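Asks: need coordinates for the following:
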Amino acid sequence: MKILVVSDTHGNDNKLYDLWETGMYSDVFHCGDSEVLNGYYFNPKIVKGNSYLDGDYPLERIVNINGKKVLILHGHTYNIYNRLGISKLQKYARNLSVNIVCYGHTHRSKVYESDGIIFLNPGSMTLPRDDTASYAVIEIADKVSISIFNMLDEEIGYYEKS
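Replies: Sure, this is the predicted structure:
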């Protein structure tokens, strides 16, 4: 099962639509700041970001995929720009017993593991703050693999966990 993970598109969803149209993905997780008020023509798992232009989405979602529990949120309520905020998010994820956390807000792609939990920020497809517009793909089967891609669909990061 392949899941497309995006964040911080801020209303510029052309690449997101193009990727969805390939038919390669069984689902889309949008980690907030979509700035889409009336929804998409497909049904992504979407959360509210800190943009006042975001729709009326929940602040977070928990989704079960192939036996893995995934938390989707934007991250702004945890002040994830500093270590204290990241620590709070990690503690929250442990308390929820999730396997994967998908978050956004920083506009910088990142994937890492802490206490057995995978944390993924797909970056921003439209307004990157690390000079590389990006998105991520999670594959969940007998293992979890995560790839981060730039807008030329070149893999720029990879993570795998059995």
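
Asks: okay, now the unreliable bits of this structure?
Replies: Applying pLDDT under 70 to the chain flags no residue at all.

Asks: swap the cut-off to 80 and go again
Replies: Applying pLDDT under 80 to the chain picks out residues 37-39, 85.

Asks: put the alpha carbons of the longest helix along the chain into CSV.
Replies: Longest helix in the chain by number of residues (criterion: DSSP state H): helix 83-96. The C-alpha trace of helix 83-96 is given here as CSV (Å, rounded to 0.1, in the frame of the first residue of the first chain):
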residue,chain,number,x,y,z
ARG,A,83,13.6,20.7,21.0
LEU,A,84,11.0,21.2,23.7
GLY,A,85,8.2,21.1,21.2
ILE,A,86,9.6,18.0,19.4
SER,A,87,9.9,16.3,22.9
LYS,A,88,6.3,17.1,23.6
LEU,A,89,5.2,15.7,20.3
GLN,A,90,7.3,12.5,20.9
LYS,A,91,5.8,12.1,24.3
TYR,A,92,2.3,12.5,22.9
ALA,A,93,2.9,10.0,20.2
ARG,A,94,4.2,7.5,22.8
ASN,A,95,1.1,8.0,24.9
LEU,A,96,-1.1,7.3,21.9
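
Asks: chain neighbours aside, what residue packs nearest to residue 161?
Replies: residue 144 (4.9 Å; CB to CB, 6 or more residues apart in numbering). All C-beta spots, glycine's among them, are computed from the backbone N, C-alpha and C.

Asks: show me where this protein has strands.
Replies: 2-6, 27-30, 45-46, 60-65, 68-73, 100-102, 109-114, 117-122, 134-140, 144-150, 155-161 (DSSP state E).

Asks: would JSON lines of those strands with mean neighbour count and distance to residue 54 be doable?
Replies: Below are those laid out as JSON lines (neighbours: other CB atoms under 10 Å; distance: least, CB to CB, whole Å):
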{"stretch": "strand 2-6", "mean neighbour count": "23", "distance to residue 54": "14"}
{"stretch": "strand 27-30", "mean neighbour count": "23", "distance to residue 54": "10"}
{"stretch": "strand 45-46", "mean neighbour count": "21", "distance to residue 54": "9"}
{"stretch": "strand 60-65", "mean neighbour count": "15", "distance to residue 54": "13"}
{"stretch": "strand 68-73", "mean neighbour count": "22", "distance to residue 54": "13"}
{"stretch": "strand 100-102", "mean neighbour count": "27", "distance to residue 54": "16"}
{"stretch": "strand 109-114", "mean neighbour count": "16", "distance to residue 54": "21"}
{"stretch": "strand 117-122", "mean neighbour count": "24", "distance to residue 54": "17"}
{"stretch": "strand 134-140", "mean neighbour count": "21", "distance to residue 54": "18"}
{"stretch": "strand 144-150", "mean neighbour count": "19", "distance to residue 54": "23"}
{"stretch": "strand 155-161", "mean neighbour count": "13", "distance to residue 54": "26"}
